[in-house]
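just a sequence and a predicted model for now, questions to come.
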Amino acid sequence: MNIPTLETLDVRGKRVLLRCDLNVPLKEGNITDDGRIRASLPTIKYLLESGASIVIVAHLGRPKGERKPELSLAPIAQRLGELLGREIIFSSEIVGASVTEKVEAMTPGAVLLLENIRYEAAETSKVESEREDLARKLASYADFFVSDGFGAVHRKHASVYDVAKLLPHAAGFLVAAEVEVLKKLTQEPVRPYGVVLGGAKVSDKIGVISNLLEKVNVLAIGGGMVFTFLAAQGKEIGTSLVETDSIPTVLELLKRANEIGVEILLPTDIVVAPAFAADATPTLVSADQIPHDQMGLDIGPVSAAAFAGEIEKCKTVFWNGPMGVFEFPNFAAGTRAVAAALTHVDGISVVGGGDSAAAVRKLGFADSEFGYISTGGGASLEYLEGKELPGLLVLAI
Ligand code: AMP
């Protein structure tokens, strides 16, 4: 796939419609991790230095076509302005005469951020003509389209996909960097190659496991998803998270791994608690002996050390999904151990996705300690599943 780079566009004195991923976690209106805003800065700065004015389109959460005030991009506009050190014009309208007026008044160096694009139902519509109609309005604001919202490139949305068909376009620096890293994970990765998966939902990760099974040397599994594996092995899992529907597929994966000689590393000890709560009393048990009235909330120290040992031997590592409920300090040790091991990798270490990226920052690691921190969980997982991402395909020439 040959995607035009930003440098191919002559943007001096022009208006650029820039799709960013500014979908940051918010708690009571405050941004708790501004990683995605920071990751958008290189492209924005480049465009401004090149003499363009920018109309930024982005989403926050899933308002499903409704104006939900808690999902307004206003706090993001403020943070972006602070980080860029310049005024951001914020438009609470997304389409319409007031936007056109603001756009036409822009001079080189101006940055306009449109309100949450997902307030418009057409953005995510399955009806192509509805999306195209919105895309046409967005395209009317600019001379070029730059796609830099990596976290959304797996979506066939108006501001990601349809608009790229209407304007001369290029990938921004973030999208280009993400794709470069993902290529290293899929095309002849330097061996040994290890993948660590965790998080809550096993069904989200089955495609990745299935596609990567033949490519990896070791696959370690923790987090809430591991209990579906333990249940598939016939173990008592107490009240732990489980997706019974996925058990047959998991059994199939375990069988395939066995046949091809790939090791699937599962935890041998588990930190359990009587309830899903920060102050629930943690107890360490063997993975074979989870009490029927307790739930597993983290991998135990023996497993964490085993995972870390395997990770540190690898030259290429991809990690997606926390090993436990890292948001509760009593159940964060497994995630911390895996994150620390990634920082010791003599090769390329990739932290994939929103939750894992937020986890490493919350646990006090610096971005620079890792080879790469991806901004897009779903997008990178779909890429690793071998799926075609509409937002990338549409950019290709
Ligand atoms: P995901 O979005 O699938 O990557 O899941 C991330 C979430 O998984 C985090 O919020 C964790 O708190 C949660 N998680 C990790 N381990 C467990 C577990 N053992 N039980 C319940 N939730 C978990």
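Yep, it's here. Please read all numbers here as calculations on a predicted model, not as lab measurements.

spell out which residues of the stretch 151-300 of the chain are next to the ligand.
Within the stretch 151-300 of the chain, the residues that sit near the ligand (CB under 6 Å from any ligand atom) are 198, 199, 200, 201, 204, 223, 224, 241, 296, 297. For the C-beta atoms, the positions are set from N, CA and C on the backbone; glycine is no exception.

before we move on, what SS does the residue lying closest to the third one once chain neighbours are set aside have?
If I follow you right, that is residue 200. Nearest non-adjacent residue to residue 200, counting by CB to CB, 6 or more residues apart in numbering: residue 224, 4.3 Å away. Secondary structure, DSSP: H, G, I helix; E, B strand; the rest coil: residue 224 is coil.

show me how this structure divides into domains.
Split into domains by automatic domain parsing, the chain comes to 6-176, 188-385.

out of those, which comes closest to residue 395?
The closest of the domains of the chain to residue 395 is domain 6-176. By CB to CB, the value is 5.6 Å.

and the end-to-end length of that closest one?
9 Å (CA to CA, to the nearest Å).

give the rounded mean pLDDT of that domain.
Mean per-residue pLDDT for domain 6-176: 97.

what about it, distance to the chain center?
Centroid displacement of domain 6-176 relative to its chain, using CA atoms, centre = their mean, to the nearest Å, is 18 Å.

equivalent analysis for stretch 251-265, please.
Mean-position distance between stretch 251-265 and its chain equals 27 Å (CA atoms, centre = their mean).

could we number from 41 for the rest of this?
Let's use 41 as the start, then, which means that last one is stretch 291-305.

buried set for that stretch?
For stretch 291-305, a neighbour-count test (16 or more other CB atoms under 10 Å) marks 293, 297, 302, 304, 305 as buried.

secondary structure class for whatever residue of the chain ends up closest to the ligand?
Residue nearest to the ligand within the chain (CB to the nearest ligand atom): residue 239, separated by 2.4 Å. Secondary structure, three-state DSSP: residue 239 is coil.

now do the contacts for it.
245, 263, 264, 265, 360, 361, 362, 395, 396 (CB atoms under 8 Å, 6 or more residues apart in numbering).

please look at the third one and residue 243 and confirm they touch.
No: in this structure, residue 264 sits apart from residue 243 without contact. The criterion is CB atoms under 8 Å, and the distance is 11.5 Å.

between these two, point out the one with more neighbours.
Using other CB atoms under 10 Å as the criterion, residue 264 and residue 243 rank with residue 264 on top: 24 against 13.

that older thread, generate a PyMOL selection restricted to the buried subset of the residues of the stretch 191-340 of the chain next to the ligand.
Applied in PyMOL, the following selects the buried portion of these according to 16+ other CB under 10 Å:
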select buried, resi 238+239+240+244+263+264+281+336+337
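
neighbour-wise, which of the contacts of residue 239 leads?
Busiest of these [other CB under 10 Å] is residue 263, holding 32 neighbours.

quick check: that residue touching residue 236?
No: between residue 263 and residue 236 there is no contact under CB under 8 Å: 9.5 Å.
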